[in-house]
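> Need coordinates for the below:
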Amino acid sequence: MRDDELVEFIDFILQNLVDLLTVMSSGYGALLAQLRALEKKLTFLKSFILFAKLRGTVDIPSLLFTHIEVVVLIAACLSYMCSLWDDAEAMYNPEHCSIICEQLEMIKPVDIHVYEIYMQVRRASSTSASLHTTMMDQQILNNFNDSLISCLWDLLCCSSSFMGSVKDEMQILDAGLRFFRSILKEPKEHMDELNEKIGALLTEAGIIICLLLLNRTKEGEPDSLESTKALDFYDMLVNTNIHIKHVKDQISGSSIIGSPPSNHSFQEQGGCKPSSHMPSEGKKPITHEVMVGLDDEAEKVIDRLISGQEHLEIVPIVGMAGLGKTTLAKKVYNDNSIIYNFHIRFWCTVSQEFNVKKLLLQILHSDGENEKLEFLDEDELLQKLYQKLKGNRYLVVFYDIWDIRAWNELRYSFPDNNKRNRILFTSRFSNVASQVEYGGQPHNLRPLTEKESCELLQRKVFGEEDCPQPLCGFGMEIAQKCKGLPLTVVVVAGILATIEHEVWAWEEFSERLTLTMVSSTELCKKSLELSYEYLPYRLKVCLLYFAAFQEDEIIGTKNLMRLWIAEGFVENVEGKRLEDIAEEYMMDLIGRNLVMISERRSSGGVKSCCIHDLLFEFCKIQAKEKNFLQVLRGFDELSTFNEPPNLPLLSIFSSGEDFIKSKLFCPHLRTLLFFDQTAARYFQLADTSFPFSIYKRLNVLKLDHIHLMQEELPEEVESLLNLRYLAIRAKNIPPSIAKISNLETFSLKHCREVTLPGTIWSMKKLRHLHVRPGPAVIGRLPKDNAVENSSTLLNLDTLSNLDLPFNQEGENIMRKIQNIRKLRISSTMAGRNVCCNMSRLESLESLTLLLIDPLRKGSLLDSLRSRNIELSLPMSLKKLLLAGLFLPCSKMQLIEQLPNLEVLKLHHDSLYGGSWELTKGGFTKLRVLTFSQLDIVEWTESDPDSDDYFPCLQQLNLEFSWKLEKFPSCLERISTLEKIKMKHWKSNDHDRVLCLVRGIEESQRNYGNENLKIITQRIY
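Numbering: from 1, shown residues only. Prediction:
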């Protein structure tokens, strides 16, 4: 068999394996891992043969005949057998799995024959003429180098038995091979000469790796070389690294390769007199959005959107970063006249890097509907969007367009049906607007006038209060230096709000501002630098952490603050919870106008946040310069990355497949965050040991975008003794999870019901436990006596989703979480008798109670309505969501009398009965009330003439509550009522409810409340 025939045969087997693995991608656990290992072995053998031929080795088939007979023929048989087992039952057959395991053990990519060829390659003439082109040579070298990195990576993963010096040199070799990978990917000058040098060094590296693999095969341990051989081996390893460094220095054009600054350089610095404490209550910056000077701009844009020609038109808003495009677009998008005139409104954030499928999903989900669309491909999503828009008058906002390609990819999904449909663009670049079809004249956003700048500055610092007269002059001076850029104004206002409101302080600040901002082109950068230097040290690292996410990403604040805590950014203050201190940090950054609120919680807190893209760029640069954070995107960056000294945090944006294939080796990391950059299904990882065997020093590990396929986590997870934050997607959790004794946040995603081990109760430091399934898939704690006899989790702060039985077992569980503050229960075990006694949870502030009965039909539904419900809730409760409980309306008094309740959400089947009568004097602190898909017909009060109802109510949400025929008359007189939001389908019943709401609006105006807003959202 000739060498080319041999390679062709291996290619054929590899293609069969690829096809087989594609079919099995839905998950075959250990078998999948074994077949991937076979694929890896064959790939090594193929690359080695081509490399040996390139280096001048002759007569490869005769040297490898015995080895090939074992490896390739067995591989071919295995591939053929697996292709015959075309169903899951056959694949999982123990006899079949045993056959595969035995055969795989016989396949060794490295044996004595391979070693002999290595030695022949070493002796081969270095002047052997290549039969290939330079590019082909380079590809052969690159493929073989990849195989060597993969083999060395396997050795490093099991390197616990290596002496420290050997292990260090192996890591240096790994870094050198990764450097060659970056060189071989791109052609350079004098590549023939360079290929020759790299080829010689790969030969030496191959011999070293081959020796280690051979020795591990013989002895079972890679570090059991005889003493004399070990010394020779170590010398060879050191010399090879020296030669690689020499070539590396030649390529880099320098004999000294600089290293990034150490993490010790990132210390609290002086300068700019930063405040060393959080602002006092009297000097809290204004956190709500303030709009100045945009009314005339908004009117112009709204007029273009509503009137004008009947065909589809694009209205671009153009202006430099920080000029207010986002604020103007939001103002226009939420204007009542826009809501009234357009049947459908969508919002889409594009940014510099975009994924077409993600954009389509973002658009289709932006109306609040939760239809599962992730499994549709791009063409299906494009068609879905077209059908949704067809026949309707629509407005779609494309926020932050950098490139016309984004619009070109999607434009055929936007029908032009002569209904005055509009697309609103925001972009920094005028040329983007000029390139689009249907494009209208760009709306160039003007800077603020000096007067508007001063007004914005004063309102951001003082709110509705007037600026003290002695400060007005300096305020005007400072505003003038902002050059009409709103971003600069709000950043400067954030600083002013935290310093003394005294003449000397403002005068000094004004003078310093003059010295700092020396040119208009550097204005924003200088503003951000100034604002950054004014931050206390702990807020600096919290701000830089935003660079670990994507540009324009909407980030959940709760999870972000837990990450801050796990990283050690949040100071531990006696008598205060870390979560409360972290929230103070967040509000301080918001108050300084560095972080923007994306969405508020119904309770008034901040649900999600983001930062301006200019600030994002600034944070990326600062984080990299200070060796605080490295961000890697895609396979090219991953595969060539070498861990710099003292790098604490690594954030990865790639596909799961690229992450695994890159063989990234960074054993000194403290934080590893992985984000799947594709919109496809989660990558399924069959061999789950490597993340836990390499990254042993981690405080934070986020891998929940990769599906760990093994039935249980590997034993290596026990070695993560420092881990404080763990987010994974897995099938099962082993009892050994309790050995991660410092774990504080554990987030588990899964695709079905999961049982947490009883050992979870021994994790004394656990504060946040989240089991996050899809709808109706529940996280369940153990139901045996181990619960009753186990320890309590006194530090547990939040827990979701708990499948809690409403019996003695449930009572036992609640005894063990007595300090819980936020609890979400999704119970599938509620029968006709429901005894829910939570009064012992005296710290509980937020409770979600979902009773799920999968067979809610006919007689069973009647049975549920006749439930015997005993409900006892703690007085500390501030937020309550009920669904599926079928609580009789007559028992609502129990909830009305909760003294601290601020938010109440009554979802489908939470109540039973057609009439609910409010009790006088109830809901003393309720601010937000939500009805969602309730069957209530009459909602009344016991005394229509009394005003002793809802003294604090600010918002009423009515979602698909189309049966309502009567509202309590007190709603017409409540002076605190600010907003009524309706979400409904198009139907006569909903139109009737809307008429009732309009009646409330009219009565409120008669009582002097002109500020009540009625917001309607019709779902088509």
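> Every contact and neighbour count from this point should use C-alpha atoms.
Noted.
> helix/strand/coil for the residue nearest the centre of the chain?
Centroid check for the chain by C-alpha atoms, centre = their mean gives F675 as the closest residue, at 6.1 Å. Following DSSP: H, G, I helix; E, B strand; the rest coil, F675 is assigned to strand.
> Which residues does it form beta bridges with?
F653 (DSSP bridges).
> How about the contacts made by it?
Contacts for F675 (C-alpha atoms under 8 Å, 6 or more residues apart in numbering) come out as S651, I652, F653, S654, L703, H705.
> Export these to CSV and append columns for neighbour count, distance to L389 and pLDDT.
As requested, the contacts of F675 are exported to CSV (neighbours: other C-alpha atoms under 10 Å; distance: C-alpha to C-alpha, whole Å; pLDDT from 0 to 100):
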residue, neighbour count, distance to L389, pLDDT
S651, 20, 38, 93
I652, 22, 36, 91
F653, 22, 32, 89
S654, 20, 32, 86
L703, 21, 37, 87
H705, 21, 32, 80
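> wait, doesn't I869 sit right on N833?
Yes. With contacts counted by C-alpha atoms under 8 Å, I869 reaches N833, the gap being 6.1 Å.
> more crowded one of those two?
I869 (17 against 14; other C-alpha atoms under 10 Å).
> Against which helices or strands is the strand or helix carrying that one packed?
I869 belongs to strand 868-872 when elements are defined using DSSP states H and E. Secondary structure elements in contact with strand 868-872, counted by 3 or more C-alpha pairs under 8 Å, 6 or more residues apart in numbering; DSSP states H and E, are strand 833-837.
> For the stretch 751-900 of the chain, which segments are assigned as strands?
754-755, 768-772, 779-780, 798-802, 822-827, 833-837, 846-851, 868-872, 879-883, 887-888 (DSSP state E, counting those that start in this stretch).
> now for those strands, which one comes closest to I980?
Closest to I980 of those, according to C-alpha to C-alpha: strand 879-883, at 18.7 Å.
> Pull the distance from the closest one to the chain's centre.
On the basis of C-alpha atoms, centre = their mean, to the nearest Å, strand 879-883 sits 27 Å off its chain's mean C-alpha point.
> Okay, now the sheet partners of it, with direction.
strand 846-851 (parallel), strand 903-906 (parallel).
> quick one on the thing from earlier: for the strand holding I869, list every residue counted as buried.
Neighbour-count burial for strand 868-872, counted by 16 or more other C-alpha atoms under 10 Å, picks out I869.
> Output it in PDB with nothing but the alpha carbons.
The C-alpha trace of strand 868-872 is given here as PDB (Å, rounded to 0.1, in the frame of the first residue of the first chain):
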ATOM      1  CA  ASN A 868     -58.600  22.300  50.400                       C
ATOM      2  CA  ILE A 869     -55.900  25.000  50.700                       C
ATOM      3  CA  GLU A 870     -54.200  26.200  53.900                       C
ATOM      4  CA  LEU A 871     -51.900  29.000  53.200                       C
ATOM      5  CA  SER A 872     -49.700  30.700  55.700                       C
END
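> Can you give the strand pairings for it, parallel or anti for each?
When DSSP bridges is applied, strand 868-872 pairs with strand 833-837 (parallel).
> can you give me the strands for the stretch 201-350 of the chain?
Counting by DSSP E, counting those that start in this stretch, the strands of the stretch 201-350 of the chain are 313-318, 344-351.
> Output the contacting helices and strands for the last one.
What it means is strand 344-351. Right, strand 344-351 is packed against helix 356-365, strand 394-401 by 3+ C-alpha pairs under 8 Å, 6+ apart.
> Tell me which stretches of the stretch 151-300 of the chain form helices.
Counting by DSSP state H, counting those that start in this stretch, the stretch 151-300 of the chain has these helices, from start to end: 164-185, 191-219, 227-252, 295-306.
> how far does the longest one sit from the chain's center?
Here helix 191-219 is found 40 Å from its chain centre; the criterion is C-alpha atoms, centre = their mean.
> what angle separates it from helix 164-185?
140 degrees (axes from the mean of the first three to the mean of the last three C-alpha atoms, to 10 degrees).
> got it, and the shortest one?
With the same axes, to 10 degrees as the criterion, the two stretches helix 295-306 and helix 164-185 enclose an angle of 60 degrees.
> ok and helix 295-306 relative to strand 313-318, angle-wise?
Using the same axes, to 10 degrees: helix 295-306 against strand 313-318 is 160 degrees.
> can you give me phi and psi for L578?
phi -60, psi -40 (degrees, to the nearest 10).
> quick one: it and A566 touch, right?
No. Using C-alpha under 8 Å, L578 is not in contact with A566; the gap is 10.2 Å.
> hang on, the earlier thing: quick check: which of the strands of the stretch 201-350 of the chain is buried the most?
Mean neighbour count (mean count of other C-alpha atoms under 10 Å) peaks for strand 313-318 among the strands of the stretch 201-350 of the chain, with a mean of 24.
> got the contact list for that strand?
Against strand 313-318 from outside (C-alpha under 8 Å, 6+ apart): 301, 304-305, 325, 420-430, 433, 438-445.
> for stretch 381-391, same thing?
So stretch 381-391 is contacted by I344, K357, L360, L361, L364, L373, L410, Y412, S413, F414, P415, N417 (C-alpha under 8 Å, 6+ apart).
> from these, which is closest to F886?
L373 (31.3 Å).
> Could you give the number of residues near that closest one?
The burial count for L373: 14, using other C-alpha under 10 Å.
> Equivalent analysis for L530, please.
Around L530 there are 21 other residues, counting by other C-alpha under 10 Å.
> before we move on, what about E193?
E193: 10 neighbours (other C-alpha under 10 Å).
> of the strands paired with strand 879-883, which approaches V489 most closely?
Here strand 903-906 is closest among the strands paired with strand 879-883 (C-alpha to C-alpha), at 35.2 Å.
> Now the element after that closest one, going C-ward?
Taking DSSP H and E, what comes next after strand 903-906 is strand 911-912.
> Grab the nearest non-local neighbour of F144.
In this structure, F144 finds its nearest non-sequential neighbour in S47, 4.9 Å apart by C-alpha to C-alpha, 6 or more residues apart in numbering.
> I'd assumed the one you found was in a helix, is it?
Yes. With three-state DSSP as the criterion, S47 is assigned to a helix.
> rewinding a little: of L578 and A566, give the one with the bigger neighbour count.
Neighbours were tallied for L578 and for A566 using other C-alpha under 10 Å; the higher tally belongs to A566 (21 against 18).
> what's the nearest residue to the more buried one if we skip its chain neighbours?
That would be R724: by C-alpha to C-alpha, 6+ apart, it lies 5.5 Å from A566.
> just S413 next, same as before
Closest to S413 by C-alpha to C-alpha, 6+ apart is Y386, at 4.5 Å.
> cool, and T327?
M291 (7.7 Å).
> on that earlier part again, I figured the residue nearest to A566 hits N699, correct?
Yes. R724 sits in contact with N699 when judged by C-alpha under 8 Å, with a separation of 5.2 Å.
> which neighbours do the two share?
Shared contacts of R724 and N699, counting by C-alpha under 8 Å, 6+ apart, come down to A566.
> can you tell me which residues contact S876?
Contacts of S876 (C-alpha under 8 Å, 6+ apart): E842, S843, L844, E845, L898, P899, N900, L901.
> Could you rerun that using 10 Å?
S876 sits next to R821, S839, L841, E842, S843, L844, E845, S846, L898, P899, N900, L901 when contact means C-alpha atoms under 10 Å, 6 or more residues apart in numbering.
> got it, and L578?
The contact partners of L578, taken as C-alpha under 10 Å, 6+ apart, are M561, R562, W564, I565, V570, E571, N572, E584.
> Please flag which of these sit within helices.
Among those, DSSP state H puts M561, R562, W564, I565, E584 in helices.
> on that earlier part again, which residues are common contacts for I869 and N833?
Counting by C-alpha under 10 Å, 6+ apart, nothing touches both I869 and N833.
> ok, the residue nearest to T327 - how many residues close by?
17.
> One more: W761?
22.
> Alright, calling it a day.
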